[in-house]
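**Q** What would the 3D arrangement of this be:
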Amino acid sequence: MVKLRHPETLGLRVRIVMGDGLILGPGRVDLLDGIRETGSIAAAGRRMGMSYKRAWQLAESLNTTFRAPVISATKGGVSGGGARLTELGNQVLDTYRALAHKARVTNEAELAFLADALSPAEHEE
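**A** You can find the predicted model right below:
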């Protein structure tokens, strides 16, 4: 039996499967959120413990998935460079967050039942 280290964190993780198997889930959404907050793909990746290369790969995959780019990046140099979410990127992020919130709220009773249904051993460290 699998022991939950932190049963109080029982919850839902919303993953939206799109064409060609791309999944819009917590990781990619956290990257978008980090870009929105930091103005940098690299900084958003670092904040998540992700390599520079991986952060850029995810950003590129997000940009090619939607009808238009969701991230606009400028190269560094004298003026610095950076990244920002496009209007579509902000809409995608906000829509995902709203959908995830609705999923949690709608399923609150079921999640509470599952948390209560865990065996006592599941609650031990």
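
**Q** use CA for all of it now, contacts and neighbours both
**A** Will do.

**Q** Just the buried positions in the worst-scoring helix or strand of the chain on mean pLDDT, please.
**A** Ranking every helix and strand in the chain by mean pLDDT, DSSP states H and E puts helix 108-117 at the bottom, with a mean of 87. For helix 108-117, the buried set under the neighbour-count rule, 16 or more other CA atoms under 10 Å, comprises 111, 115.

**Q** now it: how far from the chain's centre is it?
**A** Helix 108-117 sits 24 Å away from the centroid of its parent chain (CA atoms, centre = their mean, to the nearest Å).

**Q** isn't Tyr52 right up against Ala42?
**A** Yes. Using CA atoms under 8 Å as the test, Tyr52 is close enough to Ala42 to be in contact (5.3 Å).

**Q** Between the two, point out the one with more neighbours.
**A** Ala42 (22 against 14; other CA atoms under 10 Å).

**Q** Now do the one helix or strand the more buried one maps to: everything it contacts.
**A** Secondary structure assigned from DSSP states H and E places Ala42 in helix 41-47. Helix 41-47 is contacted by residues 31-35, 38, 51-52, 54-56, 59, 82-83 when judged by CA atoms under 8 Å, 6 or more residues apart in numbering.

**Q** could you redo the last one with a cut-off of 10 Å?
**A** For helix 41-47, contacts defined as CA atoms under 10 Å, 6 or more residues apart in numbering pick out 30-38, 40, 48-56, 58-59, 71-73, 82-84.

**Q** I'd like the C-alpha coordinates of it written as CSV, please.
**A** Output of helix 41-47 as CSV, limited to C-alpha atoms (Å, rounded to 0.1, in the frame of the first residue of the first chain):
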residue,chain,number,x,y,z
ILE,A,41,11.7,32.3,-19.1
ALA,A,42,15.0,31.4,-17.4
ALA,A,43,14.0,32.9,-14.1
ALA,A,44,10.6,31.2,-14.2
GLY,A,45,12.4,27.9,-14.9
ARG,A,46,14.9,28.5,-12.1
ARG,A,47,12.1,29.2,-9.7
